[in-house]
Structure formats: structure tokens, C-alpha cells
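> A predicted structure for the sequence below; I have some questions about it.
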Amino acid sequence: MAGVSLNGVYNHFIQDYVSKDVTQADAHRKDELRDVYKSIAKINKQSPLYLLTDDDITRNDAIEIKEKARLLQGKIFGLSNQEDKTSLNHTSAFTTDDAKVEASYIGRTPDDDVGNAGFDIEISQLATSQINTGRFLVKDSSTVLLPENYAFDVRIDKQEYEFQFSVYQSDKNIDVLQRLEKLINRAGIGLNAEVVESSDNRAALQIGSARTGIRNGETSQFEIYESGGELSTGSVEALGLDQISSPAANAHFTLNGEDRIAISNHFTVGGKFDIQIKDVTTSPVNVGLKRDNEALVKHISSLVDNYNRFILEASGKQDAKFKSDKLKAEAVSIARQHMSSIEDMGIKLEGDGTISIDDEMLRQAVAGLQNDEMLKPIKNFTDALINKAKDIAVDPMKYVERPVVNYKNPDSNDNTLSPYITSEYSGMMFNNYC
């Protein structure tokens, strides 16, 4: 009976108090955890003694406030893929000939010089796969193989595979070719088989490698041969399965005039550009970086949306259980300090504490950016929001009712650290985030 009761308590705890959303803000390094500890210790050392009400309402309010702040921080972190999670640096790659070269930017360094990052590429040869094309046989004629059980071997990536198949008295050439096509494709060993037809009612089995290029020490990507055994041989020669019609080749290109070779047409350059080459070039193709205005507009809009959602929640308009006038006032104060001076970008602080955006004005302002100075208020606003979210997560109890019992003597040297008194209300007693 006791076990059933404990299970009920545990399940209630899991459903009501453990957050179901995990964000980047929950992944802490040692130095970040050390900063959290120091913050808790400092708050406790300087704070007066409060009378904390030991009831479900107070505990639930503290947890709700902490969780909303944690989620706000996580949403802001999710807006940037830069190392600096408050960065507004959104860049994308471009090429001067998308038909020959496609590029995307995968770098994460926030202080890249967008104007100078890039290179010229010239392509003289694409990477290709090995293709074996068999003999073209009359499709509707009786098979060239006698009715027997056959076997042949394939060597690919230093692995050997045996394929077995049967030929029946009633089979036509096309029947055998289609049977082998299915057999090879279903094997999933990195080969693709296809029955190809000619205009004179003939067909052949074409076998190609799924990868391109030749690695060091290789002479071919795959070999098809017969090693003998209990089953009949002769199918490789009769069908021409070992005939290489197009050998594999590596890609040849230059980067800023320097010769390069790759076994694939898809590669990275400098760990920052993801390149897909599609055709040979007759002149250099420039690959560079440009500001991704669309991504920047989306980032700013999402930041404002998350702030507005937090303000509405603190007002109790979206969730009556989560209401804190003090929390709302502090958040609005942050917005007033940083965002009230950039109405010319279409961003305006409204009377209810929310922020509105004129999309057209914002897009025009972003398109006309000459430097990042205009974005400084938004960057500072982002930093301030994250710092406030961290502050709330460390001590959410300051936003619930807690009358002061006694102020500490500021001249006393006895104000020793006791971090666990604060940290248990930060979440150690109530959930798994602290």
C-alpha cells in the first residue's frame, strides 16, 4: 500500500513540476555552474531574513516563475547558432554561378569579416562513379544462360559478397536482367542496378557505385567476378557484368589558384563553407558571404514575440496561475531602457509593455544597414533579458509574497555564506533544474 502511495506522489511530481521542454539553456559548463553557485551565495549573504510561507501555492508560484524564465532564456538561445547566443550576426553564402557551384555557410565564428571571407573556385573535372554496362541482349529472346542455379561475386570497399540466382526454362533475357536488378538493389551494399534499353529492342544490366571518386590505393570501386563453387558459372561473361563502361574519377578543381582533388562533389572548405560542385567551369566562380537580411528580420521578430509572450504571461492574460506585477515591471523597464530609441526601425514599445513591429519598416532598416551600430540596442536588450532570466532562475522567491522578518546588519562581519537556503527555493527541492 505504501508503495502505491509513493508511486502516486512520484507521478504527480513528474507531471506537475518537471519541465517537459529541454533547451540549450539547460546545458551548463563547469564555469557556468560555478557562476550560478556564486550568485546564490551572494544573494543569500546580502538578503534579509524572510518569512516563507510553506504552502503549495507559494511553492507552485516559485516553480512557475522559474520555469517561465528558463524557457525565455532557452528561446532566446535558440535564435542564434553562433557561439555568442545573443549574436545578431546572420550570414549566408553566395556564388556568382549557382548552376555550377552551390554553397552554404556553416561557420560559427561571430566576428568573421563578411566582406573579405570567400574564395574563387575553378572546376576542371567532376567526381564520378564507376559504371559497368553489360552486353545488350534481345529482350524477348530465350535467355543466353542455360536453366541452372548461378552465382557470382562482388568485391566492394574490401568486402566480398556472393549473389545467387536461378534461370528457368521459360525465362527470356529481360526476365533474367530484371531479376538481377532487384537482387543487387535489395542487397544494399552500395551498388545501384538498372536495366537499360536500346532502340533496337535490346537491354543490358547497368551497375553503378553509389559513391564517387577513387581512394588512394584503389584501381576501381568494385569488381564483379566468379570464384567457382557448387553453383554454375558463366553468367558474368554471358551478361557482361564485369565490363567497365565508365571508370570512377576524382573531382579536380582549384581554390584561389591552388590545385585540389576530392573524391566527392560535395565537400567543405575551411570548415566554414559547404560546397556542392555541379559542372565544370570556364572561368572562376566566386564564393563569398553576405548578410542574411531575412534571417536577421526573423531573429528580431522572434525575440520580440518571446518577450511579448513573457509580458502577457506575467500580466496573467495567458495563464492566470502565472502572474507577477513585479516581474512584469522589471521586464518592461528593460525594454524601455533599450528599445524605446529605435522606433525608426519600426520597433515600438506600447503602453501595455509589449513591443510592436512594423514589418516593412524593419525590413527597410535591415536592408539599409551600413554597420552593426543600429543593432546595438537590440543586442543590449537581448543581453539584458538573458541576465534577467538567469537572475529569476537563481532566486524566483523574490517574486512571491514573503514578508521581511529581520534585516541583516550591514556593518556586521558575521554574514556568512549559506547558499543552500536560497538554492532550495531556486529549484533543488521542487524540480531538477538548478
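Received, thanks.

> ok, the nearest residue to Ala249 once chain neighbours are set aside - contacts?
Nearest residue to Ala249, sequence neighbours excluded (Cβ to Cβ, 6 or more residues apart in numbering): Thr128, at 4.7 Å. Heads up, the C-betas are built off the backbone N, CA and C, glycines and all. Thr128 is in contact with 212-213, 246, 248-249, counting by Cβ atoms under 8 Å, 6 or more residues apart in numbering.

> and if we set it to 7 Å?
212, 246, 248-249 (Cβ atoms under 7 Å, 6 or more residues apart in numbering).

> can you redo those as a markdown table with distance to His90 and secondary structure?
Formatted as a markdown table, those follow (distance: Cβ to Cβ, whole Å; DSSP: H, G, I helix; E, B strand; the rest coil):
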| residue | distance to His90 | secondary structure |
| --- | --- | --- |
| Thr212 | 33 | coil |
| Ser246 | 42 | strand |
| Ala248 | 39 | coil |
| Ala249 | 38 | strand |
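
> of all those, which comes closest to Glu122?
Ala249 (17.0 Å; Cβ to Cβ).

> Distance check, the closest one against Ile261.
According to Cβ to Cβ, to the nearest Å, Ala249 and Ile261 sit 10 Å apart.

> Also Val138?
Distance from Val138 to Ile261, by Cβ to Cβ: 43 Å.

> quick one: the strands in the stretch 301-434 of the chain?
Here the stretch 301-434 of the chain has its strands, by DSSP state E, counting those that start in this stretch, at 347-349, 355-357, 404-406.

> Confidence-wise, which of the ones you listed is weakest overall?
Note on these: lowest mean pLDDT is at strand 404-406, with a mean of 53.

> before we move on, back to that, from the contacts of Thr128, which single one is nearest Thr91?
Scanning these for proximity to Thr91, where the rule is Cβ to Cβ, the winner is Thr212, at 29.5 Å.

> contacting residues around the closest one?
With Cβ under 7 Å, 6+ apart, Thr212 has these contacts: 127-129, 248, 263-265.

> Excluding covalently adjacent residues, which one is nearest to it?
In space, Thr212 is closest to Ala127, 3.9 Å off (Cβ to Cβ, 6+ apart).

> Surely the one you found touches Ala249?
Yes. The pair Ala127 / Ala249 is scored as a contact, 6.4 Å apart, by Cβ atoms under 7 Å.

> Just want to know which of those two has more residues nearby.
The neighbour comparison of Ala127 against Ala249 (other Cβ atoms under 10 Å) goes to Ala127, with 22 against 16.

> For that one, grab phi and psi.
phi -70, psi 140 (degrees, to the nearest 10).

> Next, work out how far apart it and Lys278 are.
Taking Cβ to Cβ as the criterion, Ala127 is separated from Lys278 by 11 Å.

> Domain-wise, how is this protein divided?
23-87+294-428, 91-127+250-291, 131-246 (automatic domain parsing).

> what about the helices in the stretch 1-150 of the chain?
In the stretch 1-150 of the chain, the segments counted as helices under DSSP state H, counting those that start in this stretch are 2-17, 30-46, 56-77.

> how about the contacts of Thr128, which pair is most distant?
Thr212 and Ser246 (11.4 Å).
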